[in-house]
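S.K.: Here is a sequence with its predicted model. Questions after.
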Amino acid sequence: MVLTANAAEINFSASVDKTSVALDDTLNYTINISGSDANRAPSPALPSFSNLRAIASGSSSNISIINGQTSVQKAYTYTLQPTSRGTGQIGQAKIVVDGTEYTTDPISVSITSATGQNKQRPQVKVVPKQSNIWAEFDNFFRRPFPSITHPDIIEDPIKIATTVSNSRPYVNELIVLTFTFYRRVNLLSSPNYSPPDTKGFWAIDLPATNNQRQVEIDGNTYLAQDFKTALFPTTSGPQTIGPAALVAAIDPFGPAETFKTKPITISALPLPEDGKPDNFGGSVGSYSMDVWLKDKTVEQGKPIQIIAKISGTGNIQTISEPVIDLPKEFKKLSVTATEDLVKNPTSISGSKTFEIILIPLKDGEITLPAFEFSYFNPATHQYKTIKSKPLHLFISPSSIPLPKEFTEQSEDDSQNNTVNIVIPWRKIARLIIKTITSTYFLVPLFLIIVSALSFFSFNKYKANIAADPAKARYNRALKLAKKKLKKSYNLIKQNKLKEFIAEIFYASTHYLGDKYNFSAAGITTDQLKDILSGKGISEEIQKQVENFISECDFIRFTPSSLTPAKATDLAKIAENLIILIEKQ
């Protein structure tokens, strides 16, 4: 079943591999994007699912060249599992290209009772290679007749090659992988391109161009065209880019031929420790920062919106939040981030905007200190810290008292208020004698002793925590996760889905950080995979965690794709994953 929305340069379609599925079976839902402009299309926003839930996902791409014209095909496949009998509904998938929105129609599937059998997905049959019956026929026609001159067969009609712009980049530094297709013949059909394996890199396809050029190789003239991919190494050390492959039909009577490139090994350099700022968050590239206030006058207790926009060239998606030495007159409430990615033919640029919400606890004229953002510039081989200007604002008094969680009474303030008191010592002495001779004296005395013991025990407990913070984080991981999950469910009930996805992402990543003693701030899926691989977690659970974190991370930046039903599913998945990890 295929539903398509067509435009001049974009074909956008959605399909399922079956319209009826048993409760204990699965189905595949595929979103296809094709056309000459498909490479500029973003990943589609996930549709809503009713009586179905996504349990796995994958993507693929294919570039075809026909008479010098480039066509790109992308496929996003999701494995869906029924959750109850009846009718399953798949909502509209959508993308936005050049301001135009493309959508697919909803799809309905019938969900029947479970069969009681563990069904397998159909396997692709491998057909044994048969001898080419046209081979001898072709050879016959290649033999020149005595009276007719036969032209020479063209040698090396096609060549392919992959190159990198830098074989010794720093970790998270942009390098460009270029796949070049050379041909000196007209092809019978469009070739099929299989991109190389780029495990160990953060990969982003760059826009393809139709610019072709003539190249001389070994005295032969070829028509050449490039296809580029931006790569960011995620770890230091040797990293291998696998071979790319191209399948092309050259001989009208022979099989298609397969061409492969050689693997490329790069040596990723670790970022230097010398000169690394304390607030460095892993950003590599060249950046600038703008920070401004939405409003310079705010009432006490009301939220203040601060916008921090970091722009430049590099891995925009891994830009870390700028830091500030926040005065005690403010409490940080939340931070959300949005990205604007610009794919150029040879680079990645854009911006990442952070919306920071603060609550002012006191009134008056207050100055916020400068925000700071540190990054490593591979061009200069040095770290650089950029700072914003201080922010000046006026906090007007409020007649409404602040919530208790925002107010903390300082003991020093109360101790600074001194009062001269005339003490009646004789009355006090008589009162003391009367009190200690009373039977009621024993009760408060007992309470004082218990309080003192509790005080010393608590101080000893705090000392143990300070001596072993990793153990303290481990012990509190489950308790804090339960608290965050409860808050997440409440946000769903209040239909605050944007706040929910931020909360569930925070709960999951910080649970893992507390459990396994690593910083969850700005963690990526690849970094999480490396950390969890040595923690004794089963491969199956680790994969579920990676998929869940990736899905949450995706939805955080496309919140419009989130529905209450989807949010509930995510909360249940997070809860189940925590239970599974606790049982490990």
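M.R.: It's in.

S.K.: Can you give the domain ranges for this structure?
M.R.: 2-112, 153-268, 285-406, 469-583 (automatic domain parsing).

S.K.: Any chance of those in a markdown table with mean neighbour count as columns?
M.R.: Heads up, the C-betas are built off the backbone N, CA and C, glycines and all. As requested, these are exported to a markdown table (neighbours: other Cβ atoms under 10 Å):
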| stretch | mean neighbour count |
| --- | --- |
| domain 2-112 | 17 |
| domain 153-268 | 16 |
| domain 285-406 | 16 |
| domain 469-583 | 17 |
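
S.K.: Figure out which of these is closest to Ile449.
M.R.: Across the domains of the chain, Ile449 has its closest neighbour in domain 469-583 (28.4 Å, Cβ to Cβ).

S.K.: Now the closest one: average pLDDT?
M.R.: Average pLDDT, domain 469-583: 81.

S.K.: mind checking how far that domain is from the chain centre?
M.R.: How far domain 469-583 lies from its chain's middle: 13 Å, per Cα atoms, centre = their mean, to the nearest Å.

S.K.: just to revisit the earlier point, of the domains of the chain, which is nearest Asp278?
M.R.: Of all these, domain 285-406 comes closest under Cβ to Cβ, at 8.5 Å.

S.K.: what about dumping the CA coordinates of stretch 178-191 to PDB?
M.R.: Only the C-alpha atoms of stretch 178-191 are listed here, as PDB (Å, rounded to 0.1, in the frame of the first residue of the first chain):
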ATOM      1  CA  THR A 178      34.400  12.500  -1.300                       C
ATOM      2  CA  PHE A 179      33.200   9.700  -3.500                       C
ATOM      3  CA  THR A 180      34.100  10.300  -7.100                       C
ATOM      4  CA  PHE A 181      32.500   8.500 -10.000                       C
ATOM      5  CA  TYR A 182      34.500   8.500 -13.300                       C
ATOM      6  CA  ARG A 183      33.000   7.200 -16.600                       C
ATOM      7  CA  ARG A 184      34.000   7.300 -20.300                       C
ATOM      8  CA  VAL A 185      30.900   5.400 -21.600                       C
ATOM      9  CA  ASN A 186      27.200   5.900 -21.600                       C
ATOM     10  CA  LEU A 187      25.500   3.600 -19.100                       C
ATOM     11  CA  LEU A 188      22.500   1.400 -20.000                       C
ATOM     12  CA  SER A 189      20.800   2.200 -16.700                       C
ATOM     13  CA  SER A 190      21.400   4.100 -13.600                       C
ATOM     14  CA  PRO A 191      24.100   2.700 -11.300                       C
END
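
S.K.: just how off-centre is that stretch within its chain?
M.R.: With Cα atoms, centre = their mean, you get 35 Å for stretch 178-191.

S.K.: Ok, which of the domains of the chain comes nearest Asp274?
M.R.: It is, among the domains of the chain and with distance given as Cβ to Cβ, domain 285-406, at 9.0 Å.

S.K.: gap between that closest one and the chain center?
M.R.: 21 Å.

S.K.: all numbers from here: first residue = 12
M.R.: Taking 12 as the first residue, the last one we looked at is domain 296-417.

S.K.: what mean pLDDT would you report for that domain?
M.R.: Rounded mean pLDDT across domain 296-417 is 88.

S.K.: dump the residue contacts of Asn383.
M.R.: Just to correct that, residue 383 is Glu rather than Asn. Residues near Glu383 by Cβ atoms under 8 Å, 6 or more residues apart in numbering: 290, 333-335, 396-399.

S.K.: With respect to Ser410, which of these is nearest?
M.R.: Ile335 (29.3 Å).

S.K.: Tell me the spacing between the closest one and Ala381.
M.R.: Here Ile335 is placed at a distance of 7 Å from Ala381 (Cβ to Cβ, to the nearest Å).

S.K.: Next: Asp208.
M.R.: 44 Å.

S.K.: re the thing from before, got the domains of the chain as TSV, with distance to Asp285 columns?
M.R.: Shown next, in TSV, are the domains of the chain (distance: least, Cβ to Cβ, whole Å):
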stretch	distance to Asp285
domain 13-123	39
domain 164-279	14
domain 296-417	9
domain 480-594	22
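
S.K.: May I ask which helix or strand encompasses Phe387?
M.R.: strand 383-388 (DSSP states H and E).

S.K.: Please apply the same query to Leu337.
M.R.: Assessed by DSSP H and E, Leu337 sits outside every helix and strand.

S.K.: Verify the stated contact: it with Val346.
M.R.: No. Between Leu337 and Val346 there is no contact under Cβ atoms under 8 Å: 11.9 Å.

S.K.: which non-adjacent residue is nearest Ser31?
M.R.: Ser121 (4.4 Å; Cβ to Cβ, 6 or more residues apart in numbering).
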